[in-house]
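**Q** Pasting the sequence and the predicted model now:
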Amino acid sequence: MSTISVVLIVVAIVGLVVVAMAVQSLIITLRSLRTTVEDLRVETMSAVAELRATVALANGEIERVDSLLDTAETVGARVEATSRLAWLVMRNPLVKLASLSVATDRNAHRLARNDTQIDAVEPLAITDGSRGKSRRSRNARTVTSRRERRAS
């Protein structure tokens, strides 16, 4: 055995020791990794279970809100239809009521103005003996009073 063979055997033994130590370190690292993965799996499973429960709850709330929106749309459509129907039914009486109100207001104003302008009318029998005024003068007085009423 020559020195080269001895050196090669020593290098081979040192190499085997280095490889054995590397394998030992790799085995320790893999065990640590295995426990870490197991802990992560346990925690992840509980988190996933909570997440599934939350998603199920959120889906239930979304369905409830969707149902409420459908109901609100239905109610809105019914209110709109009822409003339209009420307007169609009430439009003519409301217009008549408004015109009656305006007419009543105008007549009340006319009566209020005429109360201050009412003069005592002499009966025809008490006049000075003339048979009364001619038809033309009565019509002229009527036209004049109509014009006065319109102007005021």
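**A** Yep, it's here. Numbers count the residues shown, from 1 in each chain.
**Q** Please make it C-alpha for all contacts and neighbour counts, starting now.
**A** Noted.
**Q** most centrally placed residue in the protein?
**A** residue 72 (9.4 Å; C-alpha atoms, centre = their mean).
**Q** Report the secondary structure element holding that residue.
**A** helix 3-117 (DSSP states H and E).
**Q** Now do that helix: distance to the chain's middle.
**A** 19 Å (C-alpha atoms, centre = their mean, to the nearest Å).
**Q** so where's the protein uncertain?
**A** 1, 114-152 (pLDDT under 70).
**Q** hmm, 50 instead?
**A** For the chain, the stretches flagged by pLDDT under 50 are 127.
**Q** for the helix holding residue 72, packing partners?
**A** The contact analysis (3 or more C-alpha pairs under 8 Å, 6 or more residues apart in numbering; DSSP states H and E) places helix 3-117 against no helix or strand.
**Q** If we use 10 Å, what do you get?
**A** Packing contacts for helix 3-117, counted by 3 or more C-alpha pairs under 10 Å, 6 or more residues apart in numbering; DSSP states H and E, involve helix 135-151.
**Q** Please tell me how far residue 78 sits from residue 30.
**A** Per C-alpha to C-alpha, to the nearest Å, residue 78 is found 69 Å from residue 30.
**Q** before we move on, back to that, quick one: residues contacting the residue nearest to the centre of the chain.
**A** 66, 78 (C-alpha atoms under 10 Å, 6 or more residues apart in numbering).
**Q** what's the neighbour count on residue 109?
**A** By other C-alpha atoms under 10 Å, the residues close to residue 109 number 13.
**Q** for residue 12, that is, sorry about that
**A** 12.
**Q** who touches stretch 11-22?
**A** Outside stretch 11-22, the residues that touch it by C-alpha under 10 Å, 6+ apart are 5-10, 23-28.
**Q** got JSON lines for these, with distance to residue 39 and neighbour count too?
**A** Output for the contacts of stretch 11-22, formatted as JSON lines (distance: C-alpha to C-alpha, whole Å; neighbours: other C-alpha atoms under 10 Å):
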{"residue": "5", "distance to residue 39": "51", "neighbour count": "10"}
{"residue": "6", "distance to residue 39": "49", "neighbour count": "11"}
{"residue": "7", "distance to residue 39": "48", "neighbour count": "11"}
{"residue": "8", "distance to residue 39": "46", "neighbour count": "12"}
{"residue": "9", "distance to residue 39": "45", "neighbour count": "12"}
{"residue": "10", "distance to residue 39": "43", "neighbour count": "12"}
{"residue": "23", "distance to residue 39": "24", "neighbour count": "12"}
{"residue": "24", "distance to residue 39": "23", "neighbour count": "12"}
{"residue": "25", "distance to residue 39": "21", "neighbour count": "12"}
{"residue": "26", "distance to residue 39": "20", "neighbour count": "12"}
{"residue": "27", "distance to residue 39": "18", "neighbour count": "12"}
{"residue": "28", "distance to residue 39": "17", "neighbour count": "12"}
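**Q** Perfect, I'm done here.
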